[in-house]
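K.L.:
I'll drop the sequence and a predicted model, then ask my questions.
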Amino acid sequence: MWPVIDRFFRPFVAISVLLIAVAPPQLCAQPAIPSASIAELDEFISKAVAQYGVPGAAVAVVQDGKIVLIKGYGVRNNTQPGAVDGNTIFQIASISKAFTGALAATMVDDGKLSWDTPIINYLPEFVDFDPYITRWMTMRDLLAHRTGWPKFSGDILNTLGYSRPEVLRRLRYLQPIVTFRQEAQYSNPGFFVAGEVEARVGGASWNALLKQRIIDPLHMTRTGTSVHDLSDPNSAIGHENMNGRTVPTAANDQDVMGAAGSVTSTVTDLTHFMQALLGNGNDGKLLKRDTVAEMFARSMVGEIEFTEMPPTTKRTGFFYGLGFDSIDYAGHQIVGKAGALAGVRTMMTLVPDKNSGIVILANLNVTALPEAIRAFYVERLLGTSPEADLTDIAARNEKLPMLFTPPAPPVQPGPFGYPLASVVGIYENDLFGRCEIATDGPGLHMSCGPAHLVAPLRHFDNGQFIRHWAGATNGYDAVTFSIGAAGNADSFTDESLGRFTRLQVSK
């Protein structure tokens, strides 16, 4: 499950510097940001990490193609010593999508893949709910969120315990919410399918191909493709906000849909990726210049939503490229990718015509720290004033935790009206598979998929129950049972997952 987008108690405070090296100006060019401003950026980040209550963060800056800042702030785990540095491994969450886009681009350069050829030419077992989409879905549609699949829908397939082939098979039951290519709908399953296309074209797993074609050529020695790569001692522990305290949380396992979010890396390694992209694909060593331009170009208009913060506004627009998104700000194209998992917020921002960019990795979710650092950096880089935007971002940050608070119970809740035994049983949904409803002491719980993912069901009002998967950054969804003439439930409807039909009564 990908959380949509946390701060206070930090018994250990540490700041670790791996590298602060201000590059000399290139011939006939001036540095994008003077060295004094790099020092100001460093000072701003130190204060912002404390202001936003983030246990630890790592930041790196590329200026005029040169690395000018790599630095760690705070701690990897707020319950024990251990400073963040430039080699600390983080889950980079949806920045992984930029890697998946770049991997596809290497295959385009090799003539093995086309952005606009229907993917059934490469992956003939792909079936969409709509036969027309089955016939015409392309890599561009997948990478630019043009599938029509509802945003964030289907993400839980990763956590339910299904294999990659089984997830691919079940996606035929994921119904589009809008017409194909009508409007952008952010889709993690879309990037999963893109990874499966790449695997078929490349003759190996997405993980192996990413290492072979991107990670190894760029000498990204501390970058991996699985949650298991966090076993290194110098890895950041994710944190979440619970009852006013910032506490460590388990890392999200996104390995099945890895192409959408399972890459792990460091800011040092990510500077290599940024330099290759800013250098127009390392002058053709990794990618052709025209291919990088195509990845950054607008393939779909996106909606300005609550997750988009300054400098992104309606005036800048918001556009999806191929694994990247972009805005137009102060006469410049700003390209990037942000990510969020339980306990992690990440952001990579590039300004191609300045040959400059920044990457921010933070071990807390929910927080707008990356947006604040990005705003300060981009506006100093382009000579605009960040103060108003920083005030706006800080105010929005205060409201973010409200997105994940449970609904207030009614003053006088109505009763369920039936014994709990009437709903106990096994139910099935074409897309998500089987869920079992069972008694749990005086209440109920739901257990779903081969992984037996469990959530309590708390009665809320008049037969409506509330389901909440574990984790402070997961939402609360309503579950309602349909009771048949015999007094037992025939089905239930989950607000996010849809309708499940009863198969049998549990014994």
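P.N.:
Alright, I've got the coordinates.
K.L.:
residue 68 versus residue 113, what's the distance?
P.N.:
35 Å (Cβ to Cβ, to the nearest Å). Heads up, the C-betas are built off the backbone N, CA and C, glycines and all.
K.L.:
scratch that, residue 429
P.N.:
In this view, residue 429 and residue 68 are 52 Å apart by Cβ to Cβ.
K.L.:
hang on, residue 413 in a strand?
P.N.:
No: going by DSSP: H, G, I helix; E, B strand; the rest coil, the assignment for residue 413 is coil, not a strand.
K.L.:
excluding chain neighbours, what is closest to it?
P.N.:
Leaving aside its sequence neighbours, residue 413 sits nearest to residue 461 (Cβ to Cβ, 6 or more residues apart in numbering; 4.3 Å).
K.L.:
tell me, how many neighbours does that neighbour end up with?
P.N.:
16 (other Cβ atoms under 10 Å).
K.L.:
next one: it, what pLDDT does it get?
P.N.:
In this prediction, residue 461 carries a pLDDT score of 95.
K.L.:
may I ask which helix or strand of this structure has the lowest mean pLDDT?
P.N.:
Every helix and strand of the chain was ranked by mean pLDDT, DSSP states H and E. The lowest is strand 15-19, at a mean of 33.
K.L.:
any idea which helix or strand comes after that strand?
P.N.:
Sequence order places helix 35-51 as the next helix or strand after strand 15-19, per DSSP states H and E.
K.L.:
and residue 474, what pLDDT?
P.N.:
You'll see residue 474 listed with a pLDDT of 87.
K.L.:
and what of residue 280?
P.N.:
As predicted, residue 280 sits at a pLDDT of 72.
K.L.:
same check, this time on residue 386
P.N.:
Note on residue 386: pLDDT of 88.
K.L.:
so who does the nearest residue to it once chain neighbours are set aside touch?
P.N.:
The shortest distance from residue 386 to any non-neighbouring residue, by Cβ to Cβ, 6+ apart, is to residue 379 (3.9 Å). Each residue near residue 379 by Cβ atoms under 8 Å, 6 or more residues apart in numbering is listed here: 311, 385, 386, 389.
K.L.:
gap between the last one and residue 491?
P.N.:
Think residue 389. As judged by Cβ to Cβ, residue 389 and residue 491 stand 48 Å apart.
K.L.:
between those two, which is the more surrounded one?
P.N.:
Legend: neighbour count by other Cβ under 10 Å for residue 389 and residue 491, higher for residue 389 (22 against 16).
K.L.:
doesn't the more buried one belong to a helix?
P.N.:
Yes: under three-state DSSP, residue 389 falls within a helix.
K.L.:
got the contact list for it?
P.N.:
Residue 389 neighbours (Cβ under 8 Å, 6+ apart): 309, 310, 311, 375, 379.
K.L.:
try 10 Å this time
P.N.:
Going by Cβ atoms under 10 Å, 6 or more residues apart in numbering, residue 389 touches 309, 310, 311, 312, 313, 371, 372, 374, 375, 376, 378, 379.
K.L.:
check contacts around the nearest residue to the fourth one once chain neighbours are set aside.
P.N.:
In this case it means residue 312. Closest residue to residue 312 apart from its sequence neighbours, by Cβ to Cβ, 6+ apart: residue 327 at 5.2 Å. Going by Cβ under 10 Å, 6+ apart, residue 327 touches 302, 304, 308, 311-313, 315-319, 333-336, 349, 378.
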